[in-house]
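In: From the sequence below, what's the structure:
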Amino acid sequence: MLRSCLAFAATLAIAACSSGVGEVFDTRQNAGPCPPAASIYDAARIVVLDGDGELFRNIRYTGEITGVRFQCRYADEDPIRGELEIDFAFGRGPAGEAETHTYPFFVTITRRDATVLARQEFDLTADFDGGSIDAITETLRDITIPRIDASISGANFEIIVGFVLTDAELQFNREGKRFRLDAQVGTTRP
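Out: Got it, this is the predicted structure:
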């Protein structure tokens, strides 16, 4: 019963809003470390292909999560509150016709034993504005992770982020394939 209550409470707590974590930071010492935050390897990249075959000319859009940071605050029996910053790099390939592309991504809060407490999906739109590369840092504020009591440390939780992928995109990543739009094709080093 307690586990399901925590999962329900955490589900309601992930939010992207304009309030800052500044109100939560006060002079009390943190009760423990913040939960680690990272992107999951299988979902840290996305390659959207058009046409038949995994060829460079068929690349519509690419995306990569290049950094994840979680800053938090909790003391006494307060819940863990903080904000999550995710760095993204996006590319538009030869088959990408639109000036913008929307990338779905997820944020999952888990216990260290891999029990999922909450998962929420978000959309992020890259604007290529005539170019082929865009970089964005997305900040999700007011993330709250409830704790049973003061003895529960942030080290008991993890925050995992990744792109929402199709089965084919996931298989592409698991096979270790990749395309990088910033690579210089046909150049040699002296």
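In: if I look at Gly93, how far off is Gln171?
Out: Counting by C-beta to C-beta, to the nearest Å, the separation of Gly93 from Gln171 is 19 Å. In short, each C-beta sits where N, CA and C put it, glycine included.
In: Of those two, give the one with the bigger neighbour count.
Out: Taking neighbours as other C-beta atoms under 10 Å, Gly93 and Gln171 compare with Gly93 leading, 19 against 12.
In: neighbours around the closest residue to the more buried one other than its chain neighbours, how many?
Out: With C-beta to C-beta, 6 or more residues apart in numbering as the criterion, Gly93 has its nearest non-adjacent residue at 2.8 Å, and that residue is Ile59. If you count neighbours by other C-beta under 10 Å, Ile59 ends up with 21.
In: And the helices in this structure, which stretches?
Out: Per DSSP state H, the chain carries helices over the ranges 2-13, 167-174.
In: can you map out the strands along the protein?
Out: 37-39, 45-49, 59-73, 80-92, 100-111, 116-127, 133-145, 157-163 (DSSP state E).
In: what packs against the third one?
Out: To tie it back to what came earlier, the one meant is strand 59-73. On a contact count with 3 or more C-beta pairs under 8 Å, 6 or more residues apart in numbering; DSSP states H and E, strand 59-73 meets strand 37-39, strand 45-49, strand 80-92, strand 100-111, strand 157-163.
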